[in-house]
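Chemist: after the sequence you'll find the predicted model.
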Amino acid sequence: MEKGLVLKSTGNRYKVRLENGKTLDCVARGRLRLNEIKTTNPLTVGDWVDVEVRDDGTGLITLIHERKNYIIRKATNLSREAHIIAANIDQALLIVTITQPETQLAFIDRYLVTAEAYRIPTILVFNKVDLIDESLKPVLNSYISIYESIGYKCLQVSAKENINIDLLKETLKDKVSLLSGNSGVGKSTLINLIEPGLNLKTAEISAAHLKGRHTTTFSEIFELSFGGYIIDTPGIKSFGLVDIDKNELYHFFPEIFKLSEKCKYYNCTHIHEPGCAVIEAAEKGEIAPSRYLSYLSIYDDENEKYRPKLK
Ligand SMILES: Nc1nc2c(ncn2[C@@H]2O[C@H](COP(=O)(O)OP(=O)(O)OP(=O)(O)O)[C@@H](O)[C@H]2O)c(=O)[nH]1
Ligand SMILES: [Zn+2]
C-alpha cells in the first residue's frame, strides 16, 4: 500500500503521484466515498489516497484521506449534488491589477469571502506594478492598506519587468495553490514566467470542450519544478459557488467578525441594530467603507448571492 496525490481526474480514471515520485494510472475501488457531502465525483485533484500497485503497473485506489478543504460547484443547476473541483488547497493567489484592467474592490471582497468560507488562505498579488505611475500610486497603496490591515498578505509584482517574481516563486514553493483573477490581469504571463513550458489550459481541455464534454472532469494539478503545485481547472474562474448562510456572512469578513463580539445583540446582522460595534466602526472609518459596502451588498444580493463571477 502506498500513499499518493491525485494529479488528474478524467471520469473514473486518475493519475496519481506516489510519494516515491512515480506516477501511475489508477481506478478507484467501488463505493469509495468520504461521507461529508453528496458529490457526483468521489475523488478529485489534490486528494491524498492509498493505492494498491498492481502487477501491470496500474493502481487501485482503496482509500481517500480526509480533506482539509475542498472547492465545489453544483453538478447541474437543478441538482442538489455537488461536483468537487479540487481538494487540500494550501492557498489561493488572487492576481489583481490597479489598471489594465482595474480590479474592483467588490470583486476582491467577494472572492475573499468565498475563500474564507472554504478555509483557503488567500494572498493578493498585485501584478503590473510597472504601470503604476505617480497618479496611480495612491490607489495601489490604498488597496494594499485595506487588505494588509485585515491580515491579507499582499505582493507587488510585474511579469513584464520581472519585479518580485522570485518572491512569488517562494510563495508558491511546496504549496498547492489556486491562481485566480479577472481576465487580463496576467495569470498566464506570470505562470509562463515562473515555469516556462507549463502550459495551463491544456489542449486536452479544449479538445474535450469542443466535443461538448464536461470540462469539469478534467481538473488537473501541475507540478512546479522548484516544488509545489498549481491547480488548473475551469472551476478556478467560477470559483465561488458556495452557499453561505446570510447570518454567517460576517464570519468571512475577518475585521467584522472580530468586532462582532462587542455588538449588543448576539444575533446582530451588523446592518441596522442599535449598539452594533461594526456599524460604529464603519461610521468612524475604522473599517474600510468599501469593505462594509461589500458586506451589505453581498448580504442583500439575493439572486447573485455569494457567487462571485470570476472571469
Ligand atoms: N504592463 C504589463 N503588462 C502585463 C504584465 N503581465 C501581463 N501583462 C499583459 O497583460 C495582458 C494579459 O495577460 P494574460 O497573461 O493573458 O492574462 P490572463 O490573466 O491569463 O488572462 P485570461 O487568460 O483572459 O484569464 C497581456 O498582454 C500581457 O502581456 C505586467 O506585469 N505588466
Ligand atoms: Zn453588529
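Modeler: Here it is on my side, so go on. Ligands and ions are numbered 1, 2, ... in the order given.
Chemist: who's S9 bridged to?
Modeler: Y14 (DSSP bridges).
Chemist: from what I see, it and T44 are in contact.
Modeler: Yes - S9 is within contact range of T44, at 5.9 Å (criterion: C-beta atoms under 8 Å). Every C-beta, even on glycine, is put in place using the N, C-alpha and C of the backbone.
Chemist: what do those two both touch?
Modeler: S219 (C-beta atoms under 8 Å, 6 or more residues apart in numbering).
Chemist: starting at the chain centroid, how far to stretch 108-120?
Modeler: Put simply, stretch 108-120 sits 8 Å off its chain's centre (C-alpha atoms, centre = their mean, to the nearest Å).
Chemist: now stretch 44-63
Modeler: Taking mean C-alpha positions (C-alpha atoms, centre = their mean), stretch 44-63 and its chain are 26 Å apart.
Chemist: number the residues from 30 up from this point.
Modeler: Shifting the count to begin at 30 puts that one at stretch 73-92.
Chemist: mind saving the C-alpha coords of it as CSV?
Modeler: Extracted in CSV, the C-alpha atoms of stretch 73-92 (Å, rounded to 0.1, in the frame of the first residue of the first chain):
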residue,chain,number,x,y,z
THR,A,73,-10.7,15.0,-7.1
VAL,A,74,-7.3,16.5,-7.8
GLY,A,75,-5.5,17.3,-4.6
ASP,A,76,-6.9,14.2,-2.8
TRP,A,77,-4.5,12.1,-0.9
VAL,A,78,-5.2,8.4,-1.4
ASP,A,79,-4.0,5.0,-0.6
VAL,A,80,-3.0,3.0,-3.7
GLU,A,81,-2.5,-0.7,-4.2
VAL,A,82,0.0,-1.0,-7.0
ARG,A,83,-0.9,-3.9,-9.4
ASP,A,84,1.3,-6.1,-11.4
ASP,A,85,0.6,-4.4,-14.6
GLY,A,86,1.8,-1.1,-13.2
THR,A,87,-1.6,0.5,-12.7
GLY,A,88,-3.1,1.2,-9.3
LEU,A,89,-6.2,0.6,-7.3
ILE,A,90,-7.3,3.4,-5.0
THR,A,91,-8.6,1.9,-1.8
LEU,A,92,-8.9,4.9,0.5
